[in-house]
Each structure stands twice: as structure tokens, then as C-alpha cells.
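# coords below, sequence missing:
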């Protein structure tokens, strides 16, 4: 009985840590996808857009606004806040950003933001 109680305490303490790791992996992958989309827009000479949809958790990468690229799911513990003033990250054919702004996400450990700066397309993912 003591072993069972000890094991359940260990499992209960590991679950929040695993959720945090999953969220960190998602944001690392999002940052890599943003940089890849920017490099592809410049290389291919076409616009590349990351769309964040309301009806499904995650984002989709689209080339030239018509050719679908790929999509990524968001962990259940992450949601895009309604207070975000962006719903897409749009790179022009020259690799610059079309519209600056902020994407705000709610996570199990608080709020995280993705800030898109005007100009050369610098994007910052908060920690």
C-alpha cells in the first residue's frame, strides 16, 4: 500500500512538468516554422503565411495564399487569446513582414507571446 501511494505521488508531480515540456516543444517548433516560412518566402519568391484558426487549435502554413503547405496541432493546454491583434504571420516574397503585431497564447504556466516586428520580419517568442 505504501508503494502504491508513493508511486501515485510521483506520477502526480510529474504530470505538470510533462505538460510544461510539451508546451515548450510547441513554442520551439513554432519559432522554427516561422523562420523556415520566412526563408521559404525569400527563396521561392512568393508569400508564405502562417494562419492561426479559431475553429481548430493549431496553425497552417500556406504558400502563395493558395498552395497548402503543412499544418501543426497545438497542445490542448495552449489556446490563442482573443486579445491577439494578429491571426496570421504573413511574409512577403522578399521575406519581410506584411503586418506587425502580437499573438498571445494562454498556457498552463501563464501567458506567452509571439511578437512580429515590422521591417525585416524579426519575430520574438517570449519565454
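Sure, I can see it. Just so you know, these numbers come straight off a predicted model, no measurement behind them.
# Could I get the pLDDT score of the spatially most central residue of the chain?
Residue closest to the mean C-alpha point of the chain, counted by CA atoms, centre = their mean, is residue 30 at 4.0 Å. The per-residue pLDDT reported for residue 30 equals 94.
# my read: it touches residue 114, true?
Yes: counting by CB atoms under 8 Å, residue 30 touches residue 114, with 7.1 Å between them. Bear in mind the C-beta positions are built from the backbone N, C-alpha and C, glycine included.
# What is the distance between the helix or strand encompassing residue 59 and the centre of its chain?
Counting by DSSP states H and E, the element that carries residue 59 is strand 58-63. Mean C-alpha position of strand 58-63 versus that of the full chain (CA atoms, centre = their mean, to the nearest Å) differs by 11 Å.
# by contact count, what packs against it?
Strand 58-63 makes packing contacts with helix 2-44, strand 48-52, strand 67-73 when contacts are defined by 3 or more CB pairs under 8 Å, 6 or more residues apart in numbering; DSSP states H and E.
# my guess is residue 86 meets residue 102, correct?
Yes: at 6.5 Å, residue 86 counts as touching residue 102 under the criterion of CB under 8 Å.
# This completes my enquiry, with thanks.
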